[in-house]
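Asks: Sequence and computational prediction follow.
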Protein chains: 2
Amino acid sequence: LRLILLGFGVVGQSFVKLLLSHSTDLYNDYGIKPKVVACADHKGIVSCNPGLDLDRLLNVKKKKRSVIQYGSNTDTSGIFDVIENTDAEVVIELTPTNITNGEPGKTHIIAAMKSGKNVITVNKGPLALEFPSLMELAEYNRIAFKFSGTVGGGTPILEFAKRCLRGDRIISFEGILNGTTNYILSKMYEGLNFTQALRDASEKGYAEKDSTLDIDGYDAVAKLVIASNLVMNMKSTMSDVVRTGIRDVQPTRVMNERKKGNAIKLIASCDGKNLVVKPKPVSIKDPICVDGILNAVTFTCQHSGQQTIIGKGAGGMETASSILRDLIDIRNMIRS
Amino acid sequence: LRLILLGFGVVGQSFVKLLLSHSTDLYNDYGIKPKVVACADHKGIVSCNPGLDLDRLLNVKKKKRSVIQYGSNTDTSGIFDVIENTDAEVVIELTPTNITNGEPGKTHIIAAMKSGKNVITVNKGPLALEFPSLMELAEYNRIAFKFSGTVGGGTPILEFAKRCLRGDRIISFEGILNGTTNYILSKMYEGLNFTQALRDASEKGYAEKDSTLDIDGYDAVAKLVIASNLVMNMKSTMSDVVRTGIRDVQPTRVMNERKKGNAIKLIASCDGKNLVVKPKPVSIKDPICVDGILNAVTFTCQHSGQQTIIGKGAGGMETASSILRDLIDIRNMIRS
């Protein structure tokens, strides 16, 4: 399998490390011998027809800050030229999430699909904004479009819903889809106020400098849109979600609910019609009432009842493992 | 798809109800038009080449206690004659679990496999006692052998491990695999002693008259054996598990742990080498620390970290939904 990597931050580098450490397993267990034939970061793209040397690629990125320092066989042609004209089966889109217009990921994905390449992404922006049209484009071009890392990071929430609950009907689902806000709310449950809890999250590296995507609920909204499209066949986008962030959650409310045996959690919910993200009280006995940076989703099914899946919703290596999962799926599709 | 049902208790009847209520969906979504061509209960077997009338079958069972009262086209030939000589693709084995010698399920399953029929079972006995040899026989006869309902009832614990965690490596897993003991231990956490909690479980219908299979840990052991074989490729049987039941859990121990923020749970664990079922303290903040009749399993993976799945571990309709899931899988295998 010949791969093009677009974006080479924490997740991209973790993915390359996974490829290096697992090459024998991947070949023995799944018949996959992946080659990274091009890799782009914010400064440019490097390509190499026989495959880039992955150790060297990681080293160059670490020491010289950009893959374009890779060496003499650097291809300085534009990124779209590489997407369209490189011989490769899979484009892996890992540029940062942009929920305003989905760029540059959206244009990358569309270019890859139009040139007949399968696409894997962990970039939430394009899907949150244009899920239905991207799925249509993938189908029209008969390529596989996989994005299991967009919801739950390494925790296979989407896969669970699609694969493990076949033959049953998911009536609704709800859960915690953002680890940063869950960490903050867990700290508020322990007695901190919002500002103190946010500072603690920043110090631990759980909150970004500009944390508005998390705090105001946009990240959870994006994931809810992706899950509702895939799991419930809704044709929704971000503007369909009623959103309230956690900025105005008061310590007194947290403590009052605590006395009643509840914790305030930022809950994303989908009942097949309404999409809502808002802080609300959850019984501490409810399986989705998890602490810290964990994510948790409960699916309510017609026959098998409620099923909850819990795991870390982020992390470089965790999310990289979701890309590998998607890659194995694509390999199996190509073979069959 | 032509089906033979062996065993027609709560799960079997729920499965037939599912077939009745979902016939349109099954055909539209999965291309399945199932016919039950034979059905056995403890009194005998009835078969009908064009397919039994499922409403009538349910009615006869309800009113006359046995399927052999079905009517004039009852076939009174022996059950093995029907398994071997009936034109059918799938045998669904639903006789009660017997962990002493696995019978009659084991002989049914072997006969079905030898006559080239695919097998679905929710009967834990044969698998707990002879997992490796049954898998070998299935492979030798090139038939599909599915048993997702044996662990977790309707909660797809085995499917999750096999399907959703591909490309990662499960290092260990542990969890609560028996709902009855979990209900009893949850009541002891609230202050009852063992005898009071067992009585409460019996009154609610969560404990059988002879509850030793649950209380002494055998049910959890059987499920642990099945999961360790399937998920970790261990060649284990029931005698490989170190087992302690909950009969001797003292209220003082429960209360002492409670003060430390723990609950005593009957935990089944597998680290790839050792298989253990025993009551032990679990932090109430741990995602597997669920209450009542819920089951919960945490898989620890090399890259994606810990993933927990929680759901009801039993129930007629829930377990029946697992059979439907297995049937859809078999349909997809036959097609491809």
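Replies: It's in.
Asks: in chain A, which spans are strands?
Replies: A:2-6, A:35-41, A:44-47, A:90-93, A:118-121, A:145-146, A:170-176, A:241-243, A:262-270, A:275-283, A:294-301, A:305-312 (DSSP state E).
Asks: any chance of these in JSON lines, with mean neighbour count and mean pLDDT too?
Replies: Heads up, the C-betas are built off the backbone N, CA and C, glycines and all. Output for the strands of chain A, formatted as JSON lines (neighbours: other C-beta atoms under 10 Å in any protein chain shown; pLDDT from 0 to 100):
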{"stretch": "strand A:2-6", "mean neighbour count": "24", "mean pLDDT": "97"}
{"stretch": "strand A:35-41", "mean neighbour count": "23", "mean pLDDT": "95"}
{"stretch": "strand A:44-47", "mean neighbour count": "24", "mean pLDDT": "91"}
{"stretch": "strand A:90-93", "mean neighbour count": "25", "mean pLDDT": "98"}
{"stretch": "strand A:118-121", "mean neighbour count": "28", "mean pLDDT": "98"}
{"stretch": "strand A:145-146", "mean neighbour count": "22", "mean pLDDT": "98"}
{"stretch": "strand A:170-176", "mean neighbour count": "21", "mean pLDDT": "97"}
{"stretch": "strand A:241-243", "mean neighbour count": "18", "mean pLDDT": "98"}
{"stretch": "strand A:262-270", "mean neighbour count": "23", "mean pLDDT": "98"}
{"stretch": "strand A:275-283", "mean neighbour count": "19", "mean pLDDT": "98"}
{"stretch": "strand A:294-301", "mean neighbour count": "24", "mean pLDDT": "97"}
{"stretch": "strand A:305-312", "mean neighbour count": "24", "mean pLDDT": "95"}
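Asks: any chance of the ones you listed in a markdown table, plus distance to residue A:187?
Replies: Formatted as a markdown table, these follow (distance: least, C-beta to C-beta, whole Å):
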| stretch | distance to residue A:187 |
| --- | --- |
| strand A:2-6 | 36 |
| strand A:35-41 | 34 |
| strand A:44-47 | 41 |
| strand A:90-93 | 34 |
| strand A:118-121 | 32 |
| strand A:145-146 | 35 |
| strand A:170-176 | 15 |
| strand A:241-243 | 22 |
| strand A:262-270 | 11 |
| strand A:275-283 | 14 |
| strand A:294-301 | 14 |
| strand A:305-312 | 17 |
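Asks: quick one, which of these is nearest to residue A:211?
Replies: strand A:262-270 (13.1 Å; C-beta to C-beta).
Asks: now the residue of the stretch 201-336 of chain A with the smallest separation from chain B: how far from residue A:233?
Replies: In the stretch 201-336 of chain A, the residue that lies nearest chain B is residue A:304 (3.2 Å; C-beta to the nearest C-beta). Counting by C-beta to C-beta, to the nearest Å, the gap from residue A:304 to residue A:233 is 19 Å.
Asks: next one: residue A:183
Replies: 32 Å.
Asks: out of those two, which sits in the busier spot?
Replies: residue A:183 (22 against 8; other C-beta atoms under 10 Å in any protein chain shown).
Asks: That one is in contact with residue A:203, isn't it?
Replies: No - checked against C-beta atoms under 8 Å, the pair residue A:183 and residue A:203 is beyond contact range at 11.2 Å.
Asks: Mutual contacts of these two, please.
Replies: The overlap between the contact sets of residue A:183 and residue A:203 (C-beta atoms under 8 Å, 6 or more residues apart in numbering or on different chains) is empty.
Asks: re earlier: now do the residue of the stretch 201-336 of chain A closest to chain B: how many residues are near it, please.
Replies: That count, for residue A:304 with other C-beta under 10 Å as the rule, works out to 31.
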